[in-house]
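# I need the structure of the sequence given here:
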Amino acid sequence: MKVGLIRCMQTEDMCPGTTDFKVMKEKKLAFEGVEGEIEIIGFTSCGGCPGKKAVTRAAEMVKRGADTIVLASCITRGNPIGFVCPNVEQMKAAIEKKLGDSIKIIDYTH
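Sure thing, here's the model as predicted:
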C-alpha cells in the first residue's frame, strides 16, 4: 500500500503525526489486515478551512505513486483537539470525485 496522508492544518502545531505513523508501521486500527509494506508517499495538510486544497494535494500524491489516500483522525475524529472538521464530508466527496474509484480512501488513522 502506498499512502498519501492528509491532516488538519489546524492541528499542525500540536501534532507531528507520530501516532499516524505508528499505527501504519504496526498495522493497527485503520491499517489492520493490510498485507505487505506500507509506504508513505506524502504527508500534507488540507490547506486550511474549508479544505479545498486537499483535493489537489491528494491528486498530486496519486501522481507521485499513492494508491490510497488517508484522511487523518484529526480531520474525521477530531483528535487531538476534540473538534471534527465541519467540512470533512464535502472534502472526502470532492477527493473521491477527483480521483475516481481506482484510489482507495481511508477516513481515519487511529
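
# hey, where'd the helices end up in the chain?
18-26, 53-63, 73-76, 88-99 (DSSP state H).

# Determine which stretch of these is the most buried.
Among those, helix 73-76 has the highest mean neighbour count (mean count of other CB atoms under 10 Å), at a mean of 26. In short, each C-beta sits where N, CA and C put it, glycine included.

# Please export the C-alpha coordinates of that helix as PDB.
C-alpha atoms of helix 73-76 as PDB (Å, rounded to 0.1, in the frame of the first residue of the first chain):
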ATOM      1  CA  SER A  73      -8.100  11.200  12.500                       C
ATOM      2  CA  CYS A  74      -7.600  14.900  13.300                       C
ATOM      3  CA  ILE A  75     -10.000  15.600  10.400                       C
ATOM      4  CA  THR A  76     -12.500  12.800  10.800                       C
END
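
# Which strands or helices does that helix pack on?
strand 2-7, helix 88-99 (3 or more CB pairs under 8 Å, 6 or more residues apart in numbering; DSSP states H and E).

# any chance of the ones you listed in JSON lines, with distance to Lys52 and mean pLDDT too?
Shown next, in JSON lines, are the helices and strands packed on helix 73-76 (distance: least, CB to CB, whole Å; pLDDT from 0 to 100):
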{"stretch": "strand 2-7", "distance to Lys52": "12", "mean pLDDT": "98"}
{"stretch": "helix 88-99", "distance to Lys52": "8", "mean pLDDT": "97"}
